[in-house]
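# Provide a 3D model corresponding to the input given below.
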Amino acid sequence: MTLNQLFEGQSGTISALETLNNALVRQCGTLGLIPGAVVQVLRRSRGKGPMQIKCDGTLYAIRADEAAQIRITVA
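Numbers count the residues shown, from 1 in each chain. Okay, the predicted model is just below:
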């Protein structure tokens with residue numbers, strides 16, 4: 001399952017980043033969105049708009065196409 005497949009209110013643990021985009025990997029690492037981090041989806045935009053997530057008490061907005069590259073394990 002990927003981050004963009006979670007519903008509002010659902011949480012999961014990041015298991016992997018499935019991307020060849022080194023900039024996205026660096027950005028996620030800087031934000032703490034790394035394997036083992038727990039994320040929760042707070043809000044989703046309609047369609048393919050951005051989603052608001054929470055990780056370690058910090059709120060982030062992430063694009064749906066980027067969230068699709070973050071593999072999640074649902075608890």
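# And the strands in the protein, which stretches?
11-17, 38-44, 51-55, 58-62, 70-74 (DSSP state E).
# doesn't residue 6 make contact with residue 38?
No: look at residue 38 against residue 6 with C-beta atoms under 8 Å: they stay out of range, at 11.8 Å. The way it works is simple: take the backbone N, C-alpha and C, and place the C-beta from them, glycine included.
# Leaving out sequence neighbours, find the closest residue to residue 63.
residue 50 (5.4 Å; C-beta to C-beta, 6 or more residues apart in numbering).
# Contact partners for the one you found?
61, 62, 63, 64 (C-beta atoms under 8 Å, 6 or more residues apart in numbering).
# would TSV of those residues with distance to residue 11, neighbour count and pLDDT be doable?
Formatted as TSV, those follow (distance: C-beta to C-beta, whole Å; neighbours: other C-beta atoms under 10 Å; pLDDT from 0 to 100):
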residue	distance to residue 11	neighbour count	pLDDT
61	17	12	95
62	15	23	93
63	20	15	92
64	18	16	91
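# what's the closest of those residues to residue 17?
residue 62 (12.2 Å; C-beta to C-beta).
# Give me the angle between the helix of greatest length in the chain and strand 51-55.
If you go by DSSP state H, the chain has its longest helix at helix 22-31. Calculated by axes from the mean of the first three to the mean of the last three C-alpha atoms, to 10 degrees, helix 22-31 forms an angle of 50 degrees with strand 51-55.
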